[in-house]
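# Build me a structure from this.
(2 chains)
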There are 2 protein chains.
Amino acid sequence: MCEKSSVSQSEQTKTQSPSQTPTVPVVAVVLAAGFGTRFDPDNPKQLVSVGGKEIVVWSIEAFENDPRVTDVIVVVNAQVGDEVERLVDANGFGKVRAIIPGGAERSDSTQNALQMLADAGIPGDAKILIHDAVRPFVERRSIDGCIDALDEFEAATVAVASTDTVLLTGDLGDRKVIHSVPERPNTFRAQTPQAFRFATIRKAYAAAVDDPDFHPTDDTRVVVDYLPDTPVAIVAGAETNLKITTLADIPIAENIAESIRGPRTREEAKERMHAVFAEAFNQMRR
Amino acid sequence: MCEKSSVSQSEQTKTQSPSQTPTVPVVAVVLAAGFGTRFDPDNPKQLVSVGGKEIVVWSIEAFENDPRVTDVIVVVNAQVGDEVERLVDANGFGKVRAIIPGGAERSDSTQNALQMLADAGIPGDAKILIHDAVRPFVERRSIDGCIDALDEFEAATVAVASTDTVLLTGDLGDRKVIHSVPERPNTFRAQTPQAFRFATIRKAYAAAVDDPDFHPTDDTRVVVDYLPDTPVAIVAGAETNLKITTLADIPIAENIAESIRGPRTREEAKERMHAVFAEAFNQMRR
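So this is what the prediction gives:
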């Protein structure tokens, strides 16, 4: 574990001018501890470079560059820890307070981060944004949307409306059969960040750990399942807030990186497209 | 409307040898009447060429080439009707019995096809497979999976398991908030074909038309909503069974077409990739 500097204490709110609403710490937890079993096991996806920048660097930078985010915690595994530390230093990410080890499951990594924040004494009303490092292209408006939503709600998650009809199923013998078809305008696909007031996510996890069947795949579910009276708001995500899961996602990510970088000269665009093309071609030949 | 030849009557089952289970007509309805408002309005997506073949030709061919499919009906709009007719002739699709006009909504097009089949006197136990023409890469195993599922079930739909966590929402003021998070193994994204015994889908639509709020976005929903005691089976689809919706889907479709065509020489592959690249580059410059 690498302690960079102390996480914002609630005292920081005292420096606000009286005309402003007192602000609370806004802490981004970037989860980069996954092993990416569906990716190349020898080549951790967090460290793969897209658009000339490592995926984990894109993710940390999104929060580093948002002036409303006060602190960043990065959760890593042993395979990527040293390299993430080097990248944080090399990129001069001044908001990264700690790089801490994760756990076997995603929820273990979240819990390690929450414990670290509790030990650091952050206040219960701090805003915690938990983000998957392998979603490198999260937009500023989604991050800010989470921070704003927490003024009204105890929990919020970035999500996109589903363009496909979603079918909810159950088992009938060895078959899946449809139980219901929810109205499409009320079906969303979860993304990250998922955002919580610190006391709320702590309470949800505290309730959850007593349940032997507790294996949540995301943090929002912990609140929905264990604090059912706490409404969780939807914050607008984007299709570009892609989760990089398999090698097939890399060319898509390259295109998004390209579109984010914005207009460039025809010659540059041509070179870049040639590089993408050559990479796709090489992959095809393997 | 272009009547190609009569749709299989139930008499055809009489030609089966006694050792075989008598078979019923298996009719594919290919819906190609959409206007693709999210695509290029002057360039109907059904007629766009991917991998050297028009999208609607891919779709019809999938059913034409499946020996278990006996008949194909194509539903068109006025914009594409003549060209679809030309393509059916040019490709020698011998199972296409009729090319009929669709309606304003998808469900109108389905209903036109069902009425045409009723007028043609097909039996109630005929197997009807309704497919979106803009899913050109439907796999044989999915088509056959539908035909098999109808031996056990009155209705079935091709679908893929959702890789994202699905959130079901409701309104709270001007916000969407989460109502529930279904278990991921029980969340699927609907694709096509969607398959029904003829009498079942007729009955579902007959019940639905009396409902003033009837605006289904797919045929499975009509059975789920109006014949709630009829279980609908899930048949394995594939990510490659892509619905082409926007121009951004075309390069993905080209890659799938490429992978379906299978191994080719390096030189051919290189040329093909250069063509894809050039197209993407040209689109980017527009």
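# Tell me the residues on the stretch 1-150 of chain A that lie near chain B, please.
A:A149 (CB under 8 Å from any CB of the partner chain). Just so you know, the C-beta spots here come from the backbone N, C-alpha and C atoms, and that holds for glycine as well.
# those helices in the stretch 1-150 of chain A, which residues are they?
Using DSSP state H, counting those that start in this stretch, the helices of the stretch 1-150 of chain A run over A:55-64, A:81-90, A:106-119, A:140-152.
# ok, and for the last one, which residues are buried?
Buried residues in helix A:140-152, counted by 16 or more other CB atoms under 10 Å in any protein chain shown: A:S142, A:I143, A:D144, A:G145, A:C146, A:I147, A:D148, A:A149, A:L150.
# cool, the longest one as well?
For helix A:106-119, a neighbour-count test (16+ other CB under 10 Å) marks A:R106, A:S107, A:S109, A:T110, A:Q111, A:N112, A:A113, A:L114, A:M116, A:L117 as buried.
# Let's test this: mean pLDDT of it, rounded?
For helix A:106-119, mean pLDDT is 96.
# now the first one
For helix A:55-64, mean pLDDT is 98.
# and that helix, how far out from the chain's middle?
Here helix A:55-64 shows a centroid-to-chain-centroid distance of 10 Å under the convention CA atoms, centre = their mean, to the nearest Å.
# Can you convert the helices of the stretch 1-150 of chain A into CSV and add a column each for distance to B:D66?
Listed next are those as CSV, based on distance: least, CB to CB, whole Å:
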stretch, distance to B:D66
helix A:55-64, 42
helix A:81-90, 51
helix A:106-119, 42
helix A:140-152, 44
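# wait, which of those helices is closest to A:A236?
Closest to A:A236 of those, according to CB to CB: helix A:140-152, at 6.1 Å.
# returning to what we had before: using JSON lines, lay out the buried residues of helix A:106-119 together with distance to B:I130.
Below are these laid out as JSON lines (distance: CB to CB, whole Å):
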{"residue": "A:R106", "distance to B:I130": "39"}
{"residue": "A:S107", "distance to B:I130": "42"}
{"residue": "A:S109", "distance to B:I130": "45"}
{"residue": "A:T110", "distance to B:I130": "44"}
{"residue": "A:Q111", "distance to B:I130": "47"}
{"residue": "A:N112", "distance to B:I130": "50"}
{"residue": "A:A113", "distance to B:I130": "48"}
{"residue": "A:L114", "distance to B:I130": "49"}
{"residue": "A:M116", "distance to B:I130": "54"}
{"residue": "A:L117", "distance to B:I130": "53"}
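# so can I have a markdown table of the buried residues of helix A:140-152 showing distance to B:I201?
As requested, those are arranged in a markdown table below (distance: CB to CB, whole Å):
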| residue | distance to B:I201 |
| --- | --- |
| A:S142 | 41 |
| A:I143 | 46 |
| A:D144 | 47 |
| A:G145 | 42 |
| A:C146 | 44 |
| A:I147 | 49 |
| A:D148 | 47 |
| A:A149 | 43 |
| A:L150 | 47 |
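# Which of those lies at the shortest distance from chain B?
Using CB to the nearest CB, A:A149 comes nearest to chain B of the buried residues of helix A:140-152, at 8.0 Å.
# hang on, the earlier thing: so for A:V24, which of the helices of the stretch 1-150 of chain A sits nearest?
That would be helix A:140-152 among the helices of the stretch 1-150 of chain A, by CB to CB, at 9.0 Å.
# Send over that closest one as CSV, restricted to the C-alpha atoms.
Coordinates of each C-alpha in helix A:140-152 appear next as CSV, following Å, rounded to 0.1, in the frame of the first residue of the first chain:
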residue,chain,number,x,y,z
ARG,A,140,-17.1,14.7,-17.2
ARG,A,141,-20.9,15.2,-17.4
SER,A,142,-21.4,11.7,-16.0
ILE,A,143,-19.0,12.3,-13.1
ASP,A,144,-20.5,15.7,-12.4
GLY,A,145,-24.0,14.1,-12.8
CYS,A,146,-23.1,11.7,-9.9
ILE,A,147,-21.8,14.5,-7.7
ASP,A,148,-25.0,16.5,-8.3
ALA,A,149,-27.3,13.5,-7.9
LEU,A,150,-25.9,13.0,-4.4
ASP,A,151,-27.3,16.3,-3.3
GLU,A,152,-30.8,14.8,-3.7
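# Determine the set of other helices and strands touching the next helix-or-strand element following it.
For helix A:140-152, the following helix or strand on the C-terminal side (DSSP states H and E) is strand A:155-161. Using 3 or more CB pairs under 8 Å, 6 or more residues apart in numbering or on different chains; DSSP states H and E, the elements in contact with strand A:155-161 are helix A:140-152, strand A:187-197, helix A:219-226, strand A:232-236.
# between strand A:155-161 and helix A:140-152, how many degrees?
Orientation check (axes from the mean of the first three to the mean of the last three CA atoms, to 10 degrees): strand A:155-161 against helix A:140-152 gives 140 degrees.
# do the helix or strand immediately after strand A:155-161 in the chain and chain B meet at all?
Once strand A:155-161 ends, the next helix or strand along the chain (criterion: DSSP H and E) is strand A:166-172. Yes - applying CB under 8 Å from any CB, one finds strand A:166-172 touching chain B at A:V166, A:L167, A:L168, A:T169, A:G170, A:L172.
# Leaving out sequence neighbours, find the closest residue to A:D144.
Closest residue to A:D144 apart from its sequence neighbours, by CB to CB, 6 or more residues apart in numbering or on different chains: A:R68 at 6.3 Å.
# got it, and A:A28?
In this structure, A:A28 finds its nearest non-sequential neighbour in A:F63, 3.8 Å apart by CB to CB, 6+ apart.
# What of A:R141?
Distances taken as CB to CB, 6+ apart put A:A236 closest to A:R141, at 7.2 Å, once the chain neighbours are dropped.
# The one you found contacts A:D144, doesn't it?
No - using CB atoms under 8 Å, A:A236 makes no contact with A:D144, being 10.6 Å away.
# what number of residues lie near the closest residue in space to A:P185 that isn't next to it in sequence?
Spatial nearest neighbour of A:P185, chain neighbours left out: A:A161 (7.1 Å); criterion: CB to CB, 6+ apart. Residues near A:A161, counting by other CB atoms under 10 Å in any protein chain shown, number 15.
# So what sits opposite A:A161 in the bridge?
In this entry, A:A161 is beta-bridged to A:F188, by DSSP bridges.
# just to revisit the earlier point, pLDDT score assigned to the residue nearest to A:R141?
Predicted confidence (pLDDT) for A:A236: 96.
# swap in A:P67?
pLDDT recorded at A:P67 is 97.
# before we move on, what about A:N186?
Predicted confidence (pLDDT) at A:N186: the value is 96.
# same deal with A:E239?
You'll see A:E239 listed with a pLDDT of 85.
# Now it. Nearest residue, chain neighbours left out?
Nearest non-adjacent residue to A:E239, counting by CB to CB, 6+ apart: A:V160, 6.3 Å away.
# what about stretch A:151-164, start to end distance?
Across stretch A:151-164, the terminal residues are separated by 32 Å (CA to CA, to the nearest Å).
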